[in-house]
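Enquirer: make a model of this:
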Amino acid sequence: MTSLTGTFVRLKLSLLRNGLRQSSKRTAAYVTSGVLALLFAAAQLLGLVLLRGSEQAPVVVVLLTALVAVGWAVVPLLFPSGDETLDPTRLVMLPLRPRPLVRALLVASLVGIGPLFTLCLVLGSAIALAHGPAGVVAAVLAVPLALVVCVAAARAVAAGNVRLLTSRRGRDLAVLSGLVVAVGVQFVNFGFQRLSRAGGLDALEPVAEIVRWLPPASALGAVDSASHGAYGTAAAQLLLTAAALGALLAAWGRSLHRLMTAPDGSTLAALSAPAGGTSKAASKAASGSGRGPGAESRWWPAGRTGTVMRRSLQYMVRDPKTKAALISWLLVGLIVPLVNAFQGTGSIYLACFSAGMLGAQTYNQFGQDGDAFWMVSLTISTAQDAYVELRARAYALLLIALPFTAVVNVATAATLGDWRSLPDAVGLSLGLLGAMFATGAVASYRAPYTVPQGSGFKSAAPGQAGIVWMSIFGGMAAAAALCAPLIGLTVWVNVADAPAGSAARFLVLVAGAGYGLLLGWAGLRFAAPRTAARLPEILAAVSKG
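Expert: From the prediction side, this is the model:
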């Protein structure tokens, strides 16, 4: 009889191989992101090995391992997962028992770039701490134990939250999770800067003494303890990590059992609904809100433009993933310049970050439509239709982007007391916003991807995660290059030390607004005929998964 574990490993490899065969762009994006991740992992491994013998090595290793473990537990719920191909909800109809299924999924989850990256990091950490035969023995046990705990934590958290995140209320809660992560990253950055002023890593030693008893960092703490002759402490730390692994596997097994045997909310709702009846919500939707069509339409442009703007704004308000992405980018765009300004190390030009964050929302304009994009594609027959569609989507986002960019610039200037540079900072922000809209229109037809609506912990279809990151970062780099003339003008104004209220600074404001408008218009005009010509390819790309 074929081993279930071997079958799942082969299934993982087959799904990955077949997914990459579907598109040369997908293969290129995956290979490029994989190479970059492995190069970074190799650099991390080398850096950790060079820490060997340093007094600060235990502090760095223990805290870094804990941070990686937190990432494994949290990131799969919010960003594209490295193991999307093994969604447990796809196994519901198979006659599989939880215990062998957990074992098979765990081994299959160790296949991928993410586990390899973590292995390099944990291996380098163990090499940095292991001294003497006892330390080597502890390292041999700690490396696989820490790696498996990280992977098991990710799987257990994902399986335990599948039903929550696939519900409407659960996907709304994911918005809050994204905000917590966005705020947390900025506070981590703030903490690192404070530590650099407070004596460096020495200030983290009390925290490391506590974290070294928290799995899986306790496994690396055991290597350090064994290297210093504290064999009882090392054994206790290894046992603690093993106990945590057992608890995670047990929780994972219970989640899988519940997932594969219990009916979900949609099934119960369908069973409880009266035959042939309609819900109150459906009846209300069918009967209308009581307001005439002119009550709302008078506030919007006529024709396709107004319809598309209203539809785009409704996506931002009602679709959980679109709302989560928008609110997260808004918060990050506000926090980054203001936190740096409060620390006294920022610049008013960091307010351009807010324009970049909102401009990133244009890099997959058709992904939020999903399968419904076929209705949009049926209404596009000419390049002019495509241009109006893209322009209306840009207008909808501009209703948020323009006032938000202005508010962030004013708030940053007020915090820093740098009112002199406010006009050229606003001009540079507007120019960058136009460049982001231009490159976003191009990326939307060149590299579209699916935003799955049925899985709360996925932000792209299997095999498309590389396209997501390459599209965003490549587009941001292109937008920065397009803004090079405006950046040069801003530098010239500051080198000339133009006073507040001078014509030179207002020249940057006017030039930035005009240049951004020109870039946005040119990008939409360039993308429109190519979008109209690639409608079938776009529909296929946004309908995967």
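Enquirer: how far does the strand or helix carrying R26 sit from the chain's center?
Expert: Using DSSP states H and E, R26 maps to helix 24-50. Distance of helix 24-50 from the chain centroid (CA atoms, centre = their mean, to the nearest Å) equals 18 Å.
Enquirer: do the same with stretch 330-338
Expert: Distance of stretch 330-338 from its chain centroid, counting by CA atoms, centre = their mean, is 16 Å.
Enquirer: now stretch 332-349
Expert: For stretch 332-349, the gap between its own C-alpha mean and the chain's C-alpha mean amounts to 22 Å (CA atoms, centre = their mean).
Enquirer: and for stretch 398-409?
Expert: 22 Å.
Enquirer: what's in contact with that stretch?
Expert: 309, 313, 316, 326, 330, 333-334, 337-338, 348, 351, 354-355, 358-359, 422, 425-426, 429-430, 433 (CB atoms under 8 Å, 6 or more residues apart in numbering). From N, CA and C alone the C-beta is placed, and that goes for glycine too.
Enquirer: report the buried residues of it.
Expert: 398, 401, 404-406, 408-409 (16 or more other CB atoms under 10 Å).
Enquirer: secondary structure, pLDDT and distance to S14 added to these, as TSV?
Expert: Formatted as TSV, the buried residues of stretch 398-409 follow (DSSP: H, G, I helix; E, B strand; the rest coil; pLDDT from 0 to 100; distance: CB to CB, whole Å):
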residue	secondary structure	pLDDT	distance to S14
L398	helix	93	45
A401	helix	92	43
F404	helix	93	45
T405	helix	93	47
A406	helix	93	52
V408	helix	93	47
N409	helix	93	51
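Enquirer: which one of these is nearest to V211?
Expert: V211 has its nearest neighbour among these in V408, at 35.4 Å by CB to CB.
Enquirer: in three-state terms, label P499 for me.
Expert: On the three-state scheme (DSSP: H, G, I helix; E, B strand; the rest coil), P499 is labelled coil.
Enquirer: for the nearest residue to it once chain neighbours are set aside, give its distance to L486.
Expert: Closest residue to P499 apart from its sequence neighbours, by CB to CB, 6 or more residues apart in numbering: R420 at 7.0 Å. If you measure R420 against L486 using CB to CB, to the nearest Å, the figure is 18 Å.
Enquirer: neighbour count winner among those two?
Expert: L486 (24 against 18; other CB atoms under 10 Å).
Enquirer: ok, P100 to L145 distance?
Expert: Applying CB to CB to P100 and L145 gives a distance of 21 Å.
Enquirer: so how far is the one helix or strand A108 maps to from its chain's centroid?
Expert: Under the criterion of DSSP H and E, A108 resides in helix 98-109. With CA atoms, centre = their mean as the basis, helix 98-109 stands 26 Å off its chain's centre.
Enquirer: outside of it, which residues touch it?
Expert: By CB under 8 Å, 6+ apart, helix 98-109 touches 4-5, 7-9, 11-12, 83, 86, 88, 91, 115, 148, 151-152, 154-155, 249, 252-254, 256-257, 260.
Enquirer: how near is L489 to C352?
Expert: 14 Å.
Enquirer: between these two, who's got more neighbours?
Expert: Using other CB under 10 Å, the more surrounded residue of L489 and C352 is C352, with 28 against 20.
Enquirer: need the contact list for that one.
Expert: Taking CB under 8 Å, 6+ apart, one finds 425, 428-429, 432 in contact with C352.
Enquirer: ok, for it, nearest residue in space, not its chain neighbours?
Expert: Spatial nearest neighbour of C352, chain neighbours left out: S429 (4.8 Å); criterion: CB to CB, 6+ apart.
Enquirer: how near is the one you found to G6?
Expert: Distance of S429 to G6, given as CB to CB: 55 Å.
Enquirer: more crowded one of the two?
Expert: Per other CB under 10 Å, whichever of S429 and G6 has more neighbours is S429, with 28 against 12.
Enquirer: and A73, what is it in contact with?
Expert: Contacts for A73 (CB under 8 Å, 6+ apart) come out as 153-154, 157.
Enquirer: and if you look at L63?
Expert: L63 touches 204, 207-208, 211, 217, counting by CB under 8 Å, 6+ apart.
Enquirer: which helix or strand contains it?
Expert: With secondary structure defined by DSSP H and E, L63 is part of helix 57-78.
Enquirer: may I see the buried residues of that helix?
Expert: By neighbour count on 16+ other CB under 10 Å, the buried set for helix 57-78 is 57-66, 68-69, 71-78.
Enquirer: what of stretch 318-329?
Expert: Under the neighbour-count criterion of 16+ other CB under 10 Å, stretch 318-329 has 319-329 buried.
Enquirer: measure the nearest residue to V508 once chain neighbours are set aside to S502 for me?
Expert: Nearest residue to V508 in three dimensions, chain neighbours excluded: D424, at 3.7 Å (CB to CB, 6+ apart). From D424 across to S502, the span is 10 Å (CB to CB).
Enquirer: need phi/psi at R52.
Expert: phi -60, psi 130 (degrees, to the nearest 10).
Enquirer: correct me, but it touches G124?
Expert: No. R52 is not in contact with G124 according to CB atoms under 8 Å; the separation is 9.3 Å.
Enquirer: looking at these two, which has the bigger crowd around it?
Expert: G124 (25 against 13).
Enquirer: hmm, that one is touching L50, no?
Expert: No. Using CB under 8 Å, G124 makes no contact with L50, being 9.2 Å away.
Enquirer: now the strand or helix carrying G474: how far from the chain's centre is it?
Expert: Using DSSP H and E, the element containing G474 is helix 465-482. Mean-position distance between helix 465-482 and its chain equals 14 Å (CA atoms, centre = their mean).
Enquirer: so which elements touch the one helix or strand Q237 maps to?
Expert: With elements taken from DSSP H and E, the one containing Q237 is helix 231-261. In this structure, helix 231-261 packs against helix 98-109, helix 132-165, helix 217-227, with contacts taken as 3 or more CB pairs under 8 Å, 6 or more residues apart in numbering; DSSP states H and E.
Enquirer: okay, now G370: neighbour count?
Expert: 19.
Enquirer: if we can go back for a sec, mind checking which of the contacts of stretch 398-409 are buried?
Expert: Neighbour-count burial (16+ other CB under 10 Å) is assigned, among the contacts of stretch 398-409, to 309, 313, 316, 326, 330, 333-334, 337-338, 348, 351, 354-355, 358-359, 422, 425-426, 429-430, 433.
Enquirer: from those residues, which ones fall inside helices?
Expert: Those of those mapping onto helices are 309, 313, 316, 326, 330, 333-334, 337-338, 354-355, 358-359, 422, 425-426, 429-430, 433, per DSSP state H.
Enquirer: alpha carbons only: can I get stretch 369-382 in CSV?
Expert: C-alpha atoms of stretch 369-382 as CSV (Å, rounded to 0.1, in the frame of the first residue of the first chain):
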residue,chain,number,x,y,z
ASP,A,369,-13.6,41.2,-9.9
GLY,A,370,-12.6,37.5,-10.0
ASP,A,371,-14.9,35.4,-12.1
ALA,A,372,-17.3,38.3,-12.5
PHE,A,373,-14.7,40.1,-14.7
TRP,A,374,-16.4,38.3,-17.7
MET,A,375,-19.3,40.8,-17.3
VAL,A,376,-16.9,43.7,-17.5
SER,A,377,-15.0,42.2,-20.5
LEU,A,378,-18.3,41.9,-22.4
THR,A,379,-18.8,45.6,-22.1
ILE,A,380,-15.4,46.4,-23.5
SER,A,381,-15.2,46.3,-27.3
THR,A,382,-12.8,49.1,-28.2
